[in-house]
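Asks: Structure here, sequence nowhere to be found:
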């Protein structure tokens, strides 16, 4: 299947795979490093508030820079910058706590460049009869990277200290350098693309329909939950189940579970099933979070991650599917470019993430145990209205 693709498509797949291998160092283990330095959820929240704020800034900067540079150049820049920030973070060591906000913003801007161009490159380069093969291979490679990389990184970080060959700090330094190299390589595979990018004349939607306002609410609530989930599950793993090796093992295990479920359900899912699938996610996570809040033990934490892993892909697949369908109908009615809707969506999603991290800070200030014990349950409850909103929006969509 890989050999059937054009050279440009194969290069893009290799780039995505290399990024997937490096991504856990940027997204997951930067947070575990900060936890080792401070053991303070607020420090982690501030770093991620900076990151999510930076993503929104990065998307807007990217929209402007698309007038001057090709999409492949900006994609590569996003890759390289994402590799630089963790190296700086780890090099600063105990001084990191005073610089977490600017470093988070810098990381977010880099991610804005990356994601602002990845979809555009994919859409352009996969035009033609091999798009399905490309998407299938992309999904397979992403799952493979999501299983292998966190597992290897997590165990490598703790292994050296256990056999007295290298320290935890040295392990983080090594993984950050390896991550940087992988990201530079990932960027280099897309650097040479010469496609003409979309050059927007404006970045804001002029008119907004009621349906798109409903989509904004959906993204905002989803973002609140996503913001808390960036940090809280990591803290629970580190407090109850082990160190970085436990983070890597659980990340890999839940990736396997999630992939198995989504592949099994993929051929049966129809347009009108989005709310139902999200309801399954709600039910499993509600049961898991109630059990963890009630028993507050390593065993209940494992049960939560097992239940959550089984349905982990259902929430995002439901939300993203509805979002793309809404965007398709919106641009069909008013002719507004798709880019503006995706930019608007990113703004409200990341606004929700910042609000979610603000909620995490408030809970932590009230009581660390309140945050850890009941935080998972709180974010599930917050999302209950989205079940009805998804159902309402799905019924109004015109499916072929």
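Replies: Yep, it's here. The structure displayed is predicted, hence computed values, not measured ones. Numbering: from 1, shown residues only.
Asks: how about low-confidence regions in the stretch 101-250 of the chain?
Replies: 123, 126-132, 135-136, 193-202 (pLDDT under 70).
Asks: At which residues are the strands of it located?
Replies: Shown for the stretch 101-250 of the chain, no strands are assigned by DSSP state E, counting those that start in this stretch.
Asks: residue contacts, residue 165?
Replies: By C-beta atoms under 8 Å, 6 or more residues apart in numbering, residue 165 lies in contact with residue 159. From N, CA and C alone the C-beta is placed, and that goes for glycine too.
Asks: the domain parsing of this structure - what is it?
Replies: Here the domain assignment for the chain is 1-199, 207-400, based on automatic domain parsing.
Asks: Just give me how far the longest one sits from the chain centre.
Replies: I take that to be domain 1-199. 10 Å (C-alpha atoms, centre = their mean, to the nearest Å).
Asks: Could you measure from the residue lying farthest from the centre of the chain over to residue 312?
Replies: Distance from the C-alpha centroid of the chain, by C-alpha atoms, centre = their mean, peaks at residue 164 (34.4 Å). Per C-beta to C-beta, to the nearest Å, residue 164 is found 37 Å from residue 312.
Asks: Quick check: phi and psi at the residue farthest from the centre of the chain.
Replies: phi 60, psi 40 (degrees, to the nearest 10).
Asks: and what of residue 206?
Replies: Main-chain dihedrals, residue 206, degrees, to the nearest 10: phi -80, psi -50.
Asks: Can you say which helix or strand has the closest residue to it other than its chain neighbours in it?
Replies: Computed as C-beta to C-beta, 6 or more residues apart in numbering, the closest residue to residue 206 that is not its neighbour in sequence is residue 336, at 7.8 Å. In this structure, residue 336 is located outside every helix and strand according to DSSP states H and E.
Asks: I'd say residue 336 and residue 330 touch.
Replies: Yes. With contact defined as C-beta atoms under 8 Å, residue 336 reaches residue 330; the gap is 6.8 Å.
Asks: Just give me the neighbour total for residue 211.
Replies: When neighbours are defined as other C-beta atoms under 10 Å, residue 211 has 16 of them.
Asks: how far away is it from residue 91?
Replies: Taking C-beta to C-beta, one finds residue 211 at 48 Å from residue 91.
Asks: same question, residue 357
Replies: Relative to residue 91, and taking C-beta to C-beta, residue 357 is found at 25 Å.
Asks: do residue 53 as well
Replies: From residue 53 over to residue 91 (counting by C-beta to C-beta), the distance is 23 Å.
Asks: Of those two, give the one with the bigger neighbour count.
Replies: Taking other C-beta under 10 Å, residue 53 and residue 91 do not tie; residue 53 has more neighbours (20 against 12).
Asks: so the more buried one touches residue 106, yeah?
Replies: No. The criterion here is C-beta under 8 Å, and residue 53 misses it with residue 106 at 10.9 Å.
Asks: Can you report phi and psi for residue 205?
Replies: When read as degrees, to the nearest 10, the backbone of residue 205 gives phi -70, psi 130.
Asks: wait, what's in contact with it?
Replies: By C-beta under 8 Å, 6+ apart, residue 205 lies in contact with 212, 336, 340-341, 344.
Asks: Between the residues you listed, which sits nearest residue 16?
Replies: Nearest to residue 16 among these, counting by C-beta to C-beta, is residue 341 at 23.4 Å.
Asks: quick one on the thing from earlier: which ones among the contacts of residue 205 map onto helices?
Replies: With helices taken from DSSP state H, the overlap with the contacts of residue 205 comprises 212, 340-341, 344.
Asks: right, and the pair among the residues you listed with maximum separation?
Replies: 212 and 340 (10.7 Å).
Asks: Helices along the stretch 201-350 of the chain, start to end?
Replies: Applying DSSP state H, counting those that start in this stretch to the stretch 201-350 of the chain gives helices spanning 210-240, 244-266, 274-295, 298-310, 312-334, 338-366.
Asks: and the longest one, how far from the chain's centre?
Replies: Here helix 210-240 shows a centroid-to-chain-centroid distance of 10 Å under the convention C-alpha atoms, centre = their mean.
Asks: which parts of it are buried?
Replies: 211-212, 214-238, 240 (16 or more other C-beta atoms under 10 Å).
Asks: Report all helices and strands that that helix contacts.
Replies: helix 29-38, helix 41-65, helix 244-266, helix 298-310, helix 312-334, helix 338-366, helix 368-382, helix 384-396 (3 or more C-beta pairs under 8 Å, 6 or more residues apart in numbering; DSSP states H and E).
Asks: will you turn those helices into JSON lines that also has distance to residue 99?
Replies: Below are the helices and strands packed on helix 210-240 laid out as JSON lines (distance: least, C-beta to C-beta, whole Å):
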{"stretch": "helix 29-38", "distance to residue 99": "11"}
{"stretch": "helix 41-65", "distance to residue 99": "9"}
{"stretch": "helix 244-266", "distance to residue 99": "22"}
{"stretch": "helix 298-310", "distance to residue 99": "31"}
{"stretch": "helix 312-334", "distance to residue 99": "31"}
{"stretch": "helix 338-366", "distance to residue 99": "18"}
{"stretch": "helix 368-382", "distance to residue 99": "24"}
{"stretch": "helix 384-396", "distance to residue 99": "36"}
